[in-house]
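> predicted model follows, preceded by the sequence.
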Amino acid sequence: MTTPQEWHKNLMAQKTVEALKKNNFEAEYVASKEEARERLLSLIPAGATIGKGGSMTIAELDVLDELEKKGHCIYNHGLSNLSPEEKDDIRKKELTCDYFLCSTNALTLDGKLVNVDGTGNRVAAMIYGPKEVIIVTGINKLVKDVERAIERIETVAAPINCKRFNFTNPCTKSGMCMDCQADTRICNVTTIMHKKPSRSSIRVIIVGEQLGY
């Protein structure tokens, strides 16, 4: 039997899927992380090059090893053994890959994707460049509107990600954005995709579980 919480969760997700479609995105809902993983793997054809934006959601799906086993060339600037120059080179390759995999910091119920970046490579690739962009987001990132999306980024995503990177930015202690001037600030670029950019192909997969930050 479906609980009231599950019913509400499914209703929110379906409402957001319809809003995304109205905004010209491809969009779908899957109930679990396992379903999302299988769906993602099924969407990527043999021989495609793959780029990965900084994303704990994609990491939690554990798809990159499987894609590598299938012979895909994967551009991942997040590998720990890379020099800064090598990371930048891979970031540029991610901009022109066949499939770019990432998540979103927040997704509004009326189908807007809101993101904040430090370098800007992730949001750049989301908007234009790759042949296909696949954005996977947990139900925890759904919010009412853009104002709530910014609030979520400033009080949840940014502080947690700064801690993940071992940065000492003020938000790691305060738990909220302090509009700092730190060299390691990760809130330098804010993007809002109101509609799908006209020259891009973007699919959003909403997962009925908590994923990422």
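Nice, thanks for sending it over.

> would you mind writing the CA trace of the biggest helix by length in the chain as CSV?
Ordering each helix of the chain by length in residues (DSSP state H) puts helix 4-22 first. Output of helix 4-22 as CSV, limited to C-alpha atoms (Å, rounded to 0.1, in the frame of the first residue of the first chain):
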residue,chain,number,x,y,z
PRO,A,4,0.7,9.4,2.2
GLN,A,5,4.4,10.4,2.0
GLU,A,6,5.1,8.2,-1.0
TRP,A,7,1.9,9.5,-2.7
HIS,A,8,2.9,13.1,-2.1
LYS,A,9,6.5,12.4,-3.3
ASN,A,10,5.2,10.8,-6.5
LEU,A,11,2.8,13.6,-7.1
MET,A,12,5.5,16.2,-6.8
ALA,A,13,7.8,14.3,-9.1
GLN,A,14,5.1,13.8,-11.8
LYS,A,15,4.2,17.5,-11.6
THR,A,16,7.8,18.5,-12.1
VAL,A,17,8.2,16.0,-15.0
GLU,A,18,5.2,17.6,-16.8
ALA,A,19,6.6,21.1,-16.1
LEU,A,20,10.0,20.1,-17.5
LYS,A,21,8.4,18.7,-20.7
LYS,A,22,6.4,22.0,-21.1
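
> quick one: name whatever helix or strand follows it.
strand 26-30 (DSSP states H and E).

> helices or strands next to that following strand in the packing?
Strand 26-30 is packed against helix 4-22, helix 33-43, strand 202-207, with contacts defined by 3 or more C-beta pairs under 8 Å, 6 or more residues apart in numbering; DSSP states H and E. Where C-beta positions appear, they are placed from N, C-alpha and C, glycine not excepted.

> mean pLDDT for those: which is lowest?
In terms of mean pLDDT, the lowest-scoring of the helices and strands packed on strand 26-30 is helix 4-22 (a mean of 87).

> for it, which positions count as buried?
Residues of helix 4-22 classed as buried: 9, 12-13, 16-17, 19-20 (neighbour count, 16 or more other C-beta atoms under 10 Å).

> what's the answer for stretch 36-43, then?
36-37, 39-40.

> one more: stretch 84-102?
90-91, 94, 97-102.

> residues in contact with it?
40, 43-44, 48-55, 58, 63, 75-77, 82, 119, 121-122, 124-126, 129-136 (C-beta atoms under 8 Å, 6 or more residues apart in numbering).
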